[in-house]
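1. Got a sequence here, can you model it:
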Amino acid sequence: MENVVLIIHLILSLGLIAVVLLQRSEGGGLGMGSGGGGATAGRAAATALGKVTWILAICFIITSITLTIIAAEKSAGTSVIDRLGAAPETQDGTPLTPPADGLTPPTQSDAEAPLVPAGD
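-> Okay, the predicted model is just below:
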């Protein structure tokens, strides 16, 4: 379910970007170009692209909220801090054992050991 909503969300975001870029500039951005009348002009009539922008934006917000709710349900009270102390587990729930070849991560004492060049 989450993947379906995520794909719809991505499609909506790309569509929203495309529709916004296709719209005609109003000419008021950053004080550049006076598009006749400026603030004294009445509200312009809603164009088809403007209506599509509103529809896509509303759908985008709905999918954003849906994804947030799905993510909150999946976390179900667990915290990253809670998982820090736990030993890593495999997918079947058994604890992960160290590799059989004896390779283990360095310890604190390994980090404090002085480095000696190989030629000495």
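
2. Just the pLDDT at residue 41, thanks.
-> The predicted local confidence for residue 41 comes out at a pLDDT of 54.

3. Does residue 64 lie in a helix or a strand, and which?
-> Taking DSSP states H and E as the criterion, the element that holds residue 64 is helix 48-75.

4. tell me what that helix is packed against?
-> Where contact means 3 or more CB pairs under 8 Å, 6 or more residues apart in numbering; DSSP states H and E, helix 48-75 is packed against helix 2-22. C-beta coordinates here come from the backbone N, C-alpha and C atoms, glycine included.

5. what about the helix it packs on, average pLDDT?
-> Taken as a whole, helix 2-22 has a mean pLDDT of 94.

6. low-scoring stretches of this structure, by residue?
-> Filtered on pLDDT under 70, the chain yields the residue ranges 27-45, 76-91, 93-120.

7. Repeat the analysis, applying 90 as the threshold.
-> Low-confidence segments of the chain, defined by pLDDT under 90: 1-2, 23-50, 71-120.

8. Which positions in the helix holding residue 64 come out as buried?
-> 52, 53, 56, 59, 60, 63, 66 (16 or more other CB atoms under 10 Å).

9. now stretch 7-15
-> Residues of stretch 7-15 classed as buried: 8, 9, 12, 15 (neighbour count, 16+ other CB under 10 Å).

10. Kindly provide the distance from the second one to residue 22.
-> When distance is defined by CB to CB, to the nearest Å, residue 9 is 21 Å away from residue 22.

11. Fine, thanks again, bye for now.
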